[in-house]
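S.K.: 3D, please:
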Amino acid sequence: MTRPLRDLRNLGPKSCAMLMEIGVSDESVLREIGAVEAYARLKFRFGPRAVSKLMLHALAGALADIDWRRLDPMHKKALEREAETRLSQAHR
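M.R.: Numbers count the residues shown, from 1 in each chain. This is a model prediction of the structure:
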């Protein structure tokens, strides 16, 4: 059973509202597009000042059901590289 965004770890009311605005309505949609794509869509919609790398880590932690601070540093770096690649594709 899929959970509402508010029940996912690391996501507060503001993050949930932002995700809803880009069409991520619940856990299943977030899983379908993944943390990197959700992060990219948030960056495109809200801009770099409103969406930091911490959001990327929070989304990945939400999908893994762990606190974002417990993500392995190597995993965080891999997510950041993947996100940079995804964001650069939009500027081509």
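S.K.: Mind naming the longest helix for the chain?
M.R.: helix 27-46 (DSSP state H).
S.K.: Could you list every helix and strand in contact with the very next helix or strand once past that helix?
M.R.: Using DSSP states H and E, the helix or strand that follows helix 27-46 in sequence is helix 53-64. In terms of contacts (3 or more C-beta pairs under 8 Å, 6 or more residues apart in numbering; DSSP states H and E), helix 53-64 is packed against helix 27-46, helix 73-90. C-beta: built from backbone N, CA, C; applies to glycine.
S.K.: Can you tell me which of these is most buried?
M.R.: helix 27-46 (a mean of 18; mean count of other C-beta atoms under 10 Å).
S.K.: Of the helices and strands packed on helix 53-64, which is nearest Arg9?
M.R.: Evaluated with C-beta to C-beta, those place helix 27-46 nearest to Arg9, the distance being 10.8 Å.
S.K.: so Glu80 touches Leu54, yeah?
M.R.: No. Glu80 lies out of contact with Leu54 (C-beta atoms under 8 Å); the separation is 11.0 Å.
S.K.: Export the helices and strands packed on helix 53-64 to CSV and append columns for distance to Lys14 and mean pLDDT.
M.R.: Converted to CSV, the helices and strands packed on helix 53-64 look like this (distance: least, C-beta to C-beta, whole Å; pLDDT from 0 to 100):
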stretch, distance to Lys14, mean pLDDT
helix 27-46, 10, 98
helix 73-90, 20, 95
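S.K.: got those helices as a markdown table, with distance to Ala64 columns?
M.R.: Listed next are these as a markdown table, based on distance: least, C-beta to C-beta, whole Å:
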| stretch | distance to Ala64 |
| --- | --- |
| helix 27-46 | 9 |
| helix 73-90 | 9 |
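S.K.: Find the centremost residue of this structure, please.
M.R.: Leu59 (3.5 Å; C-alpha atoms, centre = their mean).
S.K.: got a list of what the closest residue to that one other than its chain neighbours touches?
M.R.: Using C-beta to C-beta, 6 or more residues apart in numbering and skipping residues adjacent in sequence, the residue nearest Leu59 is Ala35, 3.8 Å away. Ala35 makes contact with Leu56, Leu59, Ala60, Ala62, Leu63, Leu79, according to C-beta atoms under 8 Å, 6 or more residues apart in numbering.
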